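Asker: structure for the following, please:
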Amino acid sequence: MTYRTTLTRKGQMTMPASFRKKLGIKPGEQLIVEMRGSSVVVKKNDWQKGLSELHKKIAAHMKAHNLKPLSDSQLRKAREQAWLDAAAHRVKRMKET
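Answerer: Numbers count the residues shown, from 1 in each chain. This next block holds a predicted model:
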């Protein structure tokens, strides 16, 4: 399906209603605009679908490797250790310069 449109002085263009309907785009929704060579591709920003797929992949990986999710306290300890490790690394780099 092809549609011809005109770019306004503000860099805006109108997307035909049939395109918006087919993509399920509603006013105010964000879109993804990609450059592919000399072409521009506009896609619906379906981050929720992507996040859901990522969760499924992670769950499958954890199940396949018999991994259990961290508890809140384990996660907090791991985060605090990562902060300490990063701070120690920064101090070491500063001493080397």
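
Asker: just the element for K49, please.
Answerer: For K49, the enclosing helix or strand under DSSP states H and E is helix 47-64.

Asker: gap between the helix or strand that that helix is followed by and the chain center?
Answerer: Moving toward the C-terminus from helix 47-64, the first helix or strand encountered (DSSP H and E) is helix 72-96. Put simply, helix 72-96 sits 26 Å off its chain's centre (Cα atoms, centre = their mean, to the nearest Å).

Asker: what of stretch 16-27?
Answerer: Distance of stretch 16-27 from its chain centroid, counting by Cα atoms, centre = their mean, is 22 Å.

Asker: that one - what's its average pLDDT?
Answerer: Averaged over stretch 16-27, pLDDT sits at 90.

Asker: endpoint to endpoint, that stretch covers what distance?
Answerer: Using Cα to Cα, to the nearest Å, one end of stretch 16-27 lies 13 Å from the other.

Asker: list the buried residues in that stretch.
Answerer: I25 (16 or more other Cβ atoms under 10 Å). Glycine gets a C-beta too; all of them are placed from N, C-alpha and C.
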